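**Student:** here's a sequence, model it:
(chains A and B)
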Amino acid sequence: KNQVEQSPQSLIILEGKNCTLQCNYTVSPFSNLRWYKQDTGRGPVSLTIMTFSENTKSNGRYTATLDADTKQSSLHITASQLSDSASYICVVTSGGSYIPTFGRGTSLIVHP
Amino acid sequence: DAGITQSPRHKVTETGTPVTLRCHQTENHRYMYWYRQDPGHGLRLIHYSYGVKDTDKGEVSDGYSVSRSKTEDFLLTLESATSSQTSVYFCAISESGGQGEQFFGPGTRLTVL
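**Tutor:** Got it, this is the predicted structure:
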């Protein structure tokens, strides 16, 4: 069964600090991995997409990494801001599938 | 934001009543999805559609039915609502199915008393 596990479940950091969120998956065959950000009361929005051949991709202060051999991804947030407070969801898709597999998300709270 | 709306945005209903949620898109995307989101479970797929009149079940489809008679509309029906169906429901659209980015609607908060 395809699965996506995220850690930690929740995280509290101070504004300006960096943090890293983890995603482990067992989806096979692998097609792509996305990180979504979900603000409270809103739908998720895609931050990055990683395919098999990519191991790093940045979107502003967000940097995603992918290790396809160990089936792990991370999302690093640099110089956190209050607006980074949200849930971050890792989503993995297998080749030829209509249906992506969602992780349960990491809830990030940034305190001033 | 992608052109995707959900209605109603909030609904309170009683156990045993039928409920229909509507998802409307203006992007002409082929694929549409209904998810529910509950604390501790994340997003779970209820049903999805890969074309007009083409639908299939997701992992939590019991108690739900869907219909898609037009590209732009995807309806989710709870035939007889139960308290366990209290949740936030999200619709999503995608141009290229599971391979592509999913664009989510604003969500519908449903409370079944």
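**Student:** residues from chain A in reach of chain B?
**Tutor:** Where chain A comes near chain B, counting by C-beta under 8 Å from any C-beta of the partner chain, the residues are A:31-32, A:34, A:41-46, A:49, A:89, A:91, A:93-94, A:97-100, A:102-105. (Each C-beta comes from the backbone N, C-alpha and C, glycine too.)
**Student:** at 7 Å instead, please
**Tutor:** With C-beta under 7 Å from any C-beta of the partner chain as the criterion, chain A meets chain B at residues A:31-32, A:34, A:42-44, A:46, A:49, A:89, A:93, A:97-100, A:102-105.
**Student:** can you flag the buried ones in these?
**Tutor:** Buried subset of the residues of chain A next to chain B (neighbour count, 16 or more other C-beta atoms under 10 Å in any protein chain shown): A:31-32, A:34, A:43-44, A:46, A:49, A:89, A:93, A:97-100, A:102-105.
**Student:** in strands, which of those residues fall?
**Tutor:** A:31-32, A:34, A:46, A:49, A:89, A:93, A:102 (DSSP state E).
**Student:** now flag whichever of these is closest to residue B:77.
**Tutor:** Checking those against residue B:77 by C-beta to C-beta gives residue A:102 as the nearest, at 23.1 Å.
**Student:** that closest one touches residue B:42, doesn't it?
**Tutor:** Yes - look at residue A:102 against residue B:42 with C-beta atoms under 7 Å: they come within range, at 5.5 Å.
**Student:** got any residues that touch both of these two?
**Tutor:** Shared contacts of residue A:102 and residue B:42 (C-beta atoms under 7 Å, 6 or more residues apart in numbering or on different chains): residue A:89.
**Student:** what's the nearest residue to residue 46 if we skip its chain neighbours?
**Tutor:** Chain wasn't specified; assuming chain A. The spatial neighbour of residue A:46 that comes closest, neighbours along the chain excluded (C-beta to C-beta, 6 or more residues apart in numbering or on different chains), is residue B:101 at 4.8 Å.
**Student:** my bad, the chain I had in mind was chain B
**Tutor:** Leaving out its chain neighbours, the residue that sits closest to residue B:46 by C-beta to C-beta, 6+ apart is residue B:34, at 4.4 Å.
**Student:** after the helix or strand hosting the one you found, which helix or strand is next?
**Tutor:** If you go by DSSP states H and E, residue B:34 is part of strand B:31-38. Using DSSP H and E, the helix or strand that follows strand B:31-38 in sequence is strand B:42-51.
**Student:** which residues of chain B score low on pLDDT?
**Tutor:** In the predicted model, chain B carries pLDDT under 70 at residues B:1-2.
**Student:** any idea what residue A:24 is bridged to?
**Tutor:** Beta-bridge pairing for residue A:24 (DSSP bridges): residue A:5, residue A:72.
**Student:** neighbours of it, how many?
**Tutor:** Counted by other C-beta atoms under 10 Å in any protein chain shown, the residues lying close to residue A:24 total 17.
**Student:** that concludes my questions; thank you for your assistance.
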